[in-house]
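Undergrad: structure of the sequence below:
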Amino acid sequence: MKKKVNNIFSEPSETYITNVSENDRLRADVFRSDMGKLKLFTKMLRTNALLIKAVIVHK
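TA: This next block holds a predicted model:
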């Protein structure tokens with residue numbers, strides 16, 4: 001029997017529903033805890049910084 005190895009490339013433990021509308025998602029985020037809001041905010045900043053640094057290498 002194989003051992004399952006957890007790494008950063010494995011599937012996340014949390015599952016998300018993809019059919020949720022933008023308004024429903026935002027409504028749910030409003031009622032998150034302060035720590036949850038902080039995590040969402042820092043994730044947004046990291047994503048934005050990554051997109052700014054992105055370079056198109058082919059067309």
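
Undergrad: counting by contacts, list what the lowest-mean-pLDDT helix or strand in the chain packs against.
TA: One helix or strand of the chain scores below all others by mean pLDDT, DSSP states H and E: helix 22-30, with a mean of 89. Packing partners of helix 22-30 (3 or more C-beta pairs under 8 Å, 6 or more residues apart in numbering; DSSP states H and E): helix 34-53. Using the backbone N, CA and C atoms, a C-beta is placed for each residue, glycine as well.

Undergrad: rounded mean pLDDT for the helix it packs on, please.
TA: Averaged across helix 34-53, pLDDT comes to 93.

Undergrad: run the angle between that helix and helix 22-30 for me.
TA: 130 degrees (axes from the mean of the first three to the mean of the last three C-alpha atoms, to 10 degrees).

Undergrad: if we can go back for a sec, which outside residues touch the least confident helix or strand of the chain?
TA: The contact list for helix 22-30 (C-beta atoms under 8 Å, 6 or more residues apart in numbering) reads Val20, Gly36, Lys37, Leu40.

Undergrad: most widely separated two among these?
TA: Taking C-beta to C-beta as the measure, the contacts of helix 22-30 span a maximum distance of 17.9 Å, between Val20 and Lys37.

Undergrad: need the distance between the two termini of stretch 23-38.
TA: Stretch 23-38 has an end-to-end distance of 20 Å (C-alpha to C-alpha, to the nearest Å).

Undergrad: and for stretch 19-39?
TA: Stretch 19-39 stretches 23 Å from its first residue to its last (C-alpha to C-alpha).

Undergrad: picking up where we left off before, with neighbour count added, can I get the contacts of helix 22-30 in TSV?
TA: Converted to TSV, the contacts of helix 22-30 look like this (neighbours: other C-beta atoms under 10 Å):
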residue	neighbour count
Val20	12
Gly36	11
Lys37	13
Leu40	12
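
Undergrad: ok, so of those, who is nearest Val55?
TA: Proximity of the contacts of helix 22-30 to Val55 (C-beta to C-beta) peaks at Leu40, which lies at 26.7 Å.

Undergrad: now do the residue nearest to that closest one when sequence neighbours are not counted: how many residues are near it, please.
TA: Closest residue in space to Leu40, ignoring its immediate chain neighbours: Asp29 at 6.4 Å, by C-beta to C-beta, 6 or more residues apart in numbering. For Asp29, the count of nearby residues is 11 (other C-beta atoms under 10 Å).
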